[in-house]
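[1] Sharing a model that was predicted from the sequence below.
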Amino acid sequence: MLNKELVNFIVKKYLRFDKKNPFISVSAILAFIGVAIGVMVLIISMAIMNGTAKEFEKKLFTMNYPLSIYPKYQNSVNKELLSKLEKNYPNLKFSPYLTSQAIVQSGDKMSGAVIFGVDQKKEANINSIYKEAVKNLDLKKYDIVVGQGIKDELFLLKDDKVTLYFTSLNPSGFSMMPKMKRFKYKSAFTSGLHAYDKAYIYTSIESLQTIMQKDSNSFDGIHVYSNNAFDDIEILRKDLKKEGVGIVGWWQQNGNFFAAMQMEKKALFIVLMLIILVASLNIISSLLMTVMSRRKEIALLLSMGASAKEIKSIFLKLGTIIGFSGIVIGVFLGFFGMWILDTFEIISLPADVYGTSKLPLDLDLIDFISIVIGAAVIVTLSSYYPAKKATKIDVIDVLRNE
């Protein structure tokens with residue numbers, strides 16, 4: 001039967017600073033610090049990775065729309081389909097659109113753009129960024145709302161006239177016949193993503209119907225707002241099959257981007273876990289040195305009736321106390337570091353690149369549990385070998401020679 005009092009007494013004794021062999025205690029302290037730093041860095045890094053991913057997700061969710069309905073097999077998306085969807089799915093919001101590429105010119109400055117023709121009221125219902133840009137505005141035909149990047153590049157002021165050039169094939173199909181139209185600049189939007197702010201323009205759907213000579217009954221697609229896009233896409237897909245149109249989710253349009261972020265996160269987790277692994281080597285060396293310096297004491301304990309299980313428990317407990325103390329302190333430092341970064345703007349990000357100027361932090365519960373369990377497994381395994389080694393001491397040989 002395991003003598004817990006004996007185990008606890010010996011562990012407390014071995015945890016004290018060893019004046020005769022100070023390097024053993026220094027090694028244990030370094031192991032403790034290494035584990036704490038490793039856990040702290042992992043927690044903060046995973047929080048930053050998650051926060052950045054969710055920030056991008058939020059921006060893309062708005063600008064790419066939860067769901068998008070598009071025509072297949074050269075069919076068009078028409079008003080009849082829009083009316084049917086609005087009637088059958090009152091819990092969803094729909095906004096039809098036309099789109100085209102264009103070159104926008106103001107004075108001697110020019111910029112490429114993607115222009116969307118939308119219904120102001122319907123678009124404002126599903127796009128919070130557009131809604132903010134057109135607040136208190138009654139947009140007329142040939143009024144435009146542009147991204148902040150385009151506004152800055154062309155030095156636009158409210159009610160400035162800009163020229164948009166559209167291209168389309170002439171009947172012979174051998175050359176591009178540009179169309180040009182004057183628009184009035186009314187407002188600018190800021191999505192937080194430079195790629196959209198420097199490329200997107202919104203106007204009325206009637207404007208593009210006229211310029212592109214489109215039937216007022218047909219659209220290039222319908223954007224859909226849903227609070228539960230992952231479930232709604234399957235329901236809509238079944239309904240839209242017979243209509244000759246397809247549907248795609250925002251996560252499918254940006255699948256490669258988020259897959260790359262997940263891969264980076266996993267790689268970062270593995271690399272930073274190596275910090276804890278390196279720190280655990282100090283636990284191994286510290287315990288092995290303790291075993292070697294305490295050989296006589298261990299031999300005496302075994303000769304007086306202490307079991308190999310008790311000796312193993314002493315060193316397992318010694319190693320886990322060092323390691324688990326480091327994990328606990330590391331968790332505390334990690335959350336404290338997150339609070340510091342969240343409260344004080346120590347690190348400022350370029351908003352046009354990352355979508356936000358404030359460092360986003362969001363620690364996922366699964367990541368936190370993975371960090372703690374991973375660190376605990378490494379620490380426990382690091383303690384096992386020295387503990388096993390302590391039970392292999394030759395009692396007779398040690399007592400005879402020492």
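    Happy to help now that I have it.

[2] Could you list the low-confidence segments of the chain?
    1-3, 18, 74-75, 168-177, 351-356, 394-395, 398-402 (pLDDT under 70).

[3] roughly how far out does the longest helix anywhere in it sit from the chain middle?
    What stands out as the longest helix in the chain, according to DSSP state H, is helix 22-63. Mean-position distance between helix 22-63 and its chain equals 14 Å (C-alpha atoms, centre = their mean, to the nearest Å).

[4] again with stretch 371-391
    32 Å.

[5] Outside of that stretch itself, which residues are in contact with it?
    35, 38-39, 42-43, 46, 269, 273, 276-277, 280-281, 283-284, 287-288, 290-291, 298, 308, 311-316, 318-320, 322-324, 326-327, 330-331 (C-beta atoms under 8 Å, 6 or more residues apart in numbering). Quick note: C-beta positions are derived from backbone N, CA and C, even for glycine.

[6] before we move on, the earlier item: and the longest helix of the chain, what does it pack against?
    Counting by 3 or more C-beta pairs under 8 Å, 6 or more residues apart in numbering; DSSP states H and E, the packing neighbours recorded for helix 22-63 are helix 128-133, helix 255-293, helix 308-343, helix 351-354, helix 365-390.

[7] Direction included, what does the following helix or strand past it pair against?
    The first helix or strand that comes after helix 22-63 along the chain, using DSSP states H and E, is strand 67-71. Applying DSSP bridges, strand 67-71 is found paired with strand 221-225 (antiparallel), strand 245-249 (antiparallel).

[8] Pick out the residue closest to the middle of the protein.
    Centroid-nearest residue in the chain: residue 53, 2.1 Å away (criterion: C-alpha atoms, centre = their mean).

[9] Kindly reformat the helices and strands packed on helix 22-63 as TSV containing distance to residue 106 and mean neighbour count.
    Formatted as TSV, the helices and strands packed on helix 22-63 follow (distance: least, C-beta to C-beta, whole Å; neighbours: other C-beta atoms under 10 Å):
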stretch	distance to residue 106	mean neighbour count
helix 128-133	18	17
helix 255-293	32	17
helix 308-343	41	19
helix 351-354	21	15
helix 365-390	47	18
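
[10] Residue 28 is nearest to which of these?
    Closest to residue 28 of the helices and strands packed on helix 22-63, according to C-beta to C-beta: helix 255-293, at 4.2 Å.

[11] quick check, distance from the closest one to the centre of its chain.
    Its chain's C-alpha centre and that of helix 255-293 lie 21 Å apart, by C-alpha atoms, centre = their mean.

[12] If you count contacts, what does that helix end up packed against?
    helix 22-63, helix 308-343, helix 365-390.

[13] Could you export these as JSON lines, including distance to residue 194?
    Formatted as JSON lines, the helices and strands packed on helix 255-293 follow (distance: least, C-beta to C-beta, whole Å):
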{"stretch": "helix 22-63", "distance to residue 194": "11"}
{"stretch": "helix 308-343", "distance to residue 194": "23"}
{"stretch": "helix 365-390", "distance to residue 194": "28"}
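
[14] Residue 251 is nearest to which of those helices?
    Closest approach to residue 251 among those is made by helix 22-63 (8.4 Å; C-beta to C-beta).

[15] Can you check what angle separates the closest one from strand 221-225?
    If you take axes from the mean of the first three to the mean of the last three C-alpha atoms, to 10 degrees, helix 22-63 sits at 130 degrees to strand 221-225.

[16] report the angle between the axes of helix 22-63 and helix 365-390?
    Helix 22-63 and helix 365-390 are oriented at 160 degrees to each other (the same axes, to 10 degrees).

[17] ok but residue 84 is inside a helix, no?
    Yes: according to DSSP: H, G, I helix; E, B strand; the rest coil, residue 84 belongs to a helix.

[18] what's around it, how many residues?
    13 (other C-beta atoms under 10 Å).

[19] Equivalent analysis for the one 10 residues further on, please.
    The local packing of residue 94 (other C-beta under 10 Å) involves 20 other residues.

[20] related to what we said a few turns ago, what residues are up against the nearest residue to the residue nearest to the centre of the chain once chain neighbours are set aside?
    Excluding the flanking residues, the one nearest residue 53 by C-beta to C-beta, 6 or more residues apart in numbering is residue 261, at 5.1 Å. Residues in contact with residue 261 (C-beta under 8 Å, 6+ apart) are 49, 52, 53, 56.

[21] neighbour-wise, which of these leads?
    residue 49 (23 neighbours).

[22] contacting residues around that one?
    261, 264, 265, 268.

[23] Also residue 202?
    Per C-beta under 8 Å, 6+ apart, neighbours of residue 202: 115, 116, 117, 118, 123, 130, 133, 144, 145, 146, 189.

[24] What's the local residue count around the fifth one?
    Burial of residue 123 is recorded as 23 neighbouring residues (other C-beta under 10 Å).

[25] pretty sure it contacts residue 130?
    Yes: counting by C-beta atoms under 8 Å, residue 123 touches residue 130, with 5.4 Å between them.

[26] neighbours of the closest residue to residue 147 other than its chain neighbours, just the number please.
    Using C-beta to C-beta, 6+ apart and skipping the chain neighbours, the partner closest in space to residue 147 is residue 197 (3.7 Å). By the measure other C-beta under 10 Å, the count of residues near residue 197 is 23.

[27] and what of residue 180?
    Considering only other C-beta under 10 Å, residue 180 is surrounded by 12 other residues.

[28] shouldn't it be in contact with residue 162?
    No: Residue 180 is beyond contact range of residue 162, at 10.8 Å (criterion: C-beta under 8 Å).

[29] returning to that earlier point: what distance do you get for the residue nearest to residue 53 to residue 188?
    With distances taken as C-beta to C-beta, to the nearest Å, residue 261 is found 29 Å from residue 188.

[30] same check, this time on residue 61
    To residue 188, residue 61 is 21 Å away according to C-beta to C-beta.
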